[in-house]
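Trainee: Have a look at this fold, sequence not included:
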Ligand code: HEM
């Protein structure tokens, strides 16, 4: 462990995880409120101004919702830069400093990438491909931030062997597939972020069912892993899988309810929050189970 979980530095690494997740949810808020083109240009908000202007044609609410999301990207950039500078300082004598430093610089580069992708999204009138890319990049940034935090504040790993070790990679790829297919469902559905935005043109019913089928497969796989962990007496892994199962079941229920009730905005936003939590829980499980790299080597 390089720093304590509750120290100021430890909290900054935790903040980065939180902000990376928050960006997914605020991006969703932009979409479901139809504010995707609230700032119709990029990098300026409206021609001649980087901030919304009074009497903007897109309406003040839409402009400020979209601008708020852009501001959060700035807060994230500053936090990621702070994390990078701190990483340079606290790993000076560490043998595995490169790993921490690379993870930290990737956070900064990822946020810059998000800003660029945001620009492409606006300039292509919210084409569903960059919109989906936005979320998928965020998912990777959440993973990176979680890994980085564990490297610095430590984690209690538990060795896994046998069948569960074999199932873990399938589990994480299946979770990623659920998320990626989810973005295709969104790109085929009604919540485009603006009326004039293009859609993928895929039957949204068919793609929603495919998305739900992958979720069912994931839930079955996770339930099997839970039983194996219980049988093996792997207490930490069992607890982590249990947490994942609860979150995924809640998220799956929201998914079905929103699908059957015509995708009300609030539920769509809750589904995005749920997706972030599902991914965060899945990635944490992978980190805890796949110890691979030991923290004490950092300081030795
Ligand atoms: C572990 C469970 C689940 C996860 C992790 C998950 C994840 C996601 C993700 C990441 C998106 C894309 C959000 C976006 O691009 O903004 C999405 C969209 C969607 N999901 Fe799920 N989902 C789950 C379960 C379900 C289930 C069981 C259904 C039932 C049919 C469902 C229905 C939908 C629908 C209809 C959308 C499109 C919402 C929109 O128009 O914005 N999801 N999901």
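Mentor: Cool, the structure landed. Worth saying up front: this structure is predicted, and the values here are computed from it rather than measured. Numbers count the residues shown, from 1 in each chain.

Trainee: Flag every residue of the protein that's near the ligand.
Mentor: Taking CB under 6 Å from any ligand atom as the contact definition, the chain meets the ligand at 28, 135, 178-179, 182-183, 185-186, 189, 191, 208, 211-212, 215, 248, 251-252, 255-256, 258-259, 263, 268, 271-272, 275, 278. For every residue, glycine as well, the C-beta is placed using N, CA and C.

Trainee: Which of those are buried, as a ChimeraX select command?
Mentor: Per 16 or more other CB atoms under 10 Å, the buried members of the residues of the chain next to the ligand correspond to this ChimeraX selection:
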select :28,135,178,179,182,183,185,186,189,191,208,211,212,215,248,251,252,255,258,259,263,268,271,272,275,278
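
Trainee: Of the residues of the chain next to the ligand, which belong to helices?
Mentor: 28, 135, 178-179, 182-183, 185-186, 208, 211-212, 215, 248, 251-252, 255-256, 258-259, 268, 271-272, 275, 278 (DSSP state H).

Trainee: Mind listing what's buried along stretch 171-180?
Mentor: Neighbour-count burial for stretch 171-180 [16+ other CB under 10 Å]: 171, 172, 174, 175, 176, 177, 178, 179.

Trainee: so which of those residues would you say is closest to residue 40?
Mentor: The nearest member of these to residue 40, counting by CB to CB, is residue 179 at 29.0 Å.

Trainee: for the residue in the stretch 1-150 of the chain that the ligand sits nearest to, what are its contacts?
Mentor: Nearest residue of the stretch 1-150 of the chain to the ligand: residue 135, at 4.8 Å (CB to the nearest ligand atom). Applying CB atoms under 8 Å, 6 or more residues apart in numbering, we find residue 135 in contact with 24, 27, 179, 183.

Trainee: go on, residue 7?
Mentor: With CB under 8 Å, 6+ apart, residue 7 has no contacts at all.

Trainee: quick one: it from residue 224, how far?
Mentor: 39 Å (CB to CB, to the nearest Å).

Trainee: So residue 9 sits against residue 87, correct?
Mentor: No. Using CB atoms under 8 Å, residue 9 is not in contact with residue 87; the gap is 9.7 Å.

Trainee: Can you pull the residues that touch both of the two?
Mentor: Here residue 9 and residue 87 share the contacting residues residue 152, scored by CB under 8 Å, 6+ apart.

Trainee: show me where the stretch 101-250 of the chain has strands.
Mentor: Read by DSSP state E, counting those that start in this stretch, the stretch 101-250 of the chain holds no strands at all.

Trainee: Look through it and state the residue closest to the ligand.
Mentor: The ligand sits closest to residue 182 of the stretch 101-250 of the chain, with a gap of 2.5 Å, by CB to the nearest ligand atom.

Trainee: what's that residue in contact with, if anything?
Mentor: Counted by CB under 8 Å, 6+ apart, residue 182 has contacts 211, 275.

Trainee: just use 28 as the starting number from now, easier for me
Mentor: Happy to do that; since the first residue is 28 now, the last one works out to residue 209.

Trainee: measure it to residue 296 for me?
Mentor: Residue 209 is 14 Å from residue 296, by CB to CB.

Trainee: Likewise for residue 110?
Mentor: 27 Å.

Trainee: just residue 120 next, same as before
Mentor: Taking CB to CB, one finds residue 120 at 45 Å from residue 296.

Trainee: Buried ones in stretch 250-260, by neighbour count?
Mentor: Applying 16+ other CB under 10 Å to stretch 250-260 flags 252, 253, 255, 256, 259 as buried.

Trainee: which residues does residue 179 contact?
Mentor: Contacts for residue 179 (CB under 8 Å, 6+ apart) come out as 28, 29, 30, 36, 37, 40, 114, 117, 127.

Trainee: number of nearby residues for the fourth one?
Mentor: Neighbouring residues of residue 36 were enumerated by other CB atoms under 10 Å; the total is 18.
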